[in-house]
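[1] sharing a model that was predicted from the sequence below.
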Amino acid sequence: MIIDGLSLIYPNGVKAIDKMSLNISQGIFGLLGPNGAGKSSLMKTLVGLQKPSSGQVLFNNVDIIRDPDHIKRTLGYLPQEFGVLPKANAFQLLEHLAILKGIKDKSFRKLHINYLLREVNLDQHASREVYTFSGGMRQRFGLAQALLGNPQFIVVDEPTAGLDPEERNRINGILSKIGQQRIVLLSTHLVEDVYQLCAEMAILHSGKLKITGSPKELIKALEGKIWARPAASDEAEIPDFSSVMIRKNFIGGESWITVFSENRPDGFQLQKPTLEDFYFCSIKNLI
């Protein structure tokens, strides 16, 4: 997928996407950014739910701005939250959605649905009503419905939000397998998920593309520049103005300050940089 000079200005004058250009290849591509960064606007535009003010998006050499049905025919989507039909079990609901997606052959449809239920580890729950599923089971069901019809472009929005660590790992394992065969666009606030899953990522802020690259390569740019020390509970400023505080957090109940600096500030110890450090440095225009 090639995004070239994409802009979106809403009628109230808000510039949700500002001249964004981006190449997304096969695999899992991560989108990181604070609320209002433009992630949702970008996703809605890419899947044909809204038209941009200007720019071009090519998928398989087809301009999907002019022909949005092209992307919709090969699209899978897992929203952050979704409702289900009451009293419908997992197989019945997937069959209903498969029919809506145009999978007409009944025998193939049954094989396809059973295969997807096995892929997301829900085959033992095919006859269970979906509204009774736990949060993690419902997200796995959501992945199954997103895979109906073997789409080549899948958008997943906050797939592990609110899940326990075991279920997060299970979802991420499924996403990793899915990403080996198609484009998966992952939008999340969880930096750890992007680091674990994504070969490439982008950071968005105020509708603009801040930076793209491999998470591991981006982290390397911070080596020797991230420092930390314990902090007083009321400490808000860093006396050494050659340093910039990028975050203040708690470790084992103790308050810590992490700063970006080319040189070692007094009292600070060098830290191994993380993708979260890079994210904060990028948002603060330090790199």
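    Okay, I see it.
[2] mind checking pLDDT for residue 178?
    At residue 178, the predicted lDDT confidence score is 89.
[3] wait, it sits on residue 172?
    No - applying C-beta atoms under 8 Å, one finds residue 178 not in contact with residue 172, separated by 10.5 Å. Just so you know, the C-beta spots here come from the backbone N, C-alpha and C atoms, and that holds for glycine as well.
[4] can you count the residues close to residue 71?
    21 (other C-beta atoms under 10 Å).
[5] ok so it is a helix residue?
    Yes - according to DSSP: H, G, I helix; E, B strand; the rest coil, residue 71 belongs to a helix.
[6] mind listing what the residue lying closest to it once chain neighbours are set aside touches?
    Nearest-residue entry for residue 71: residue 64, 4.3 Å, with adjacent residues in sequence omitted and distances by C-beta to C-beta, 6 or more residues apart in numbering. Residues in contact with residue 64 (C-beta atoms under 8 Å, 6 or more residues apart in numbering) are 46, 48, 57-58, 70-71.
[7] so this structure: which segments form each domain?
    Domain assignment for the chain by automatic domain parsing gives 2-214, 219-283.
[8] from these, which stretch is densest packed?
    Highest mean neighbour count among the domains of the chain (mean count of other C-beta atoms under 10 Å): domain 2-214, with a mean of 17.
[9] how far does that domain stretch from start to finish?
    18 Å (C-alpha to C-alpha, to the nearest Å).
[10] how is residue 7 assigned, secondary-structure-wise?
    Using three-state DSSP, the structure places residue 7 in strand.
[11] helices or strands next to whatever helix or strand residue 169 lives in in the packing?
    According to DSSP states H and E, residue 169 maps onto helix 165-178. Here helix 165-178 touches helix 135-146, strand 183-187, helix 191-197, going by 3 or more C-beta pairs under 8 Å, 6 or more residues apart in numbering; DSSP states H and E.
[12] try 7 Å this time
    helix 135-146, helix 191-197 (3 or more C-beta pairs under 7 Å, 6 or more residues apart in numbering; DSSP states H and E).
[13] and of these, who's closest to residue 261?
    When these are compared by C-beta to C-beta, helix 191-197 sits nearest residue 261, at 21.2 Å.
[14] what's the distance between that closest one and the middle of its chain?
    9 Å (C-alpha atoms, centre = their mean, to the nearest Å).
[15] just the strands in the stretch 1-150 of the chain please.
    Counting by DSSP state E, counting those that start in this stretch, the stretch 1-150 of the chain has these strands, from start to end: 2-9, 15-23, 27-32, 54-59, 62-63, 75-78.
[16] can you put those strands in a markdown table and add mean pLDDT?
    Formatted as a markdown table, the strands of the stretch 1-150 of the chain follow (pLDDT from 0 to 100):
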| stretch | mean pLDDT |
| --- | --- |
| strand 2-9 | 96 |
| strand 15-23 | 95 |
| strand 27-32 | 95 |
| strand 54-59 | 95 |
| strand 62-63 | 94 |
| strand 75-78 | 92 |
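[17] what about those, which gets the closest to residue 200?
    strand 27-32 (5.3 Å).
[18] note down every partner strand of the closest one and its orientation.
    strand 183-187 (parallel), strand 200-205 (parallel) (DSSP bridges).
[19] mind putting the ones you listed in CSV, distance to residue 92 and mean pLDDT included?
    Listed next are the strands paired with strand 27-32 as CSV, based on distance: least, C-beta to C-beta, whole Å; pLDDT from 0 to 100:
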stretch, distance to residue 92, mean pLDDT
strand 183-187, 27, 94
strand 200-205, 37, 95
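[20] right, and those strands - which one's nearest residue 90?
    Closest to residue 90 of these is strand 183-187 (C-beta to C-beta; 22.2 Å).
[21] what lies in contact with the closest one?
    Residues from elsewhere that reach strand 183-187 (C-beta atoms under 7 Å, 6 or more residues apart in numbering): 1, 24, 26, 28-31, 39, 43, 152-158, 175, 178, 197-198.
[22] sweet, I'm off.
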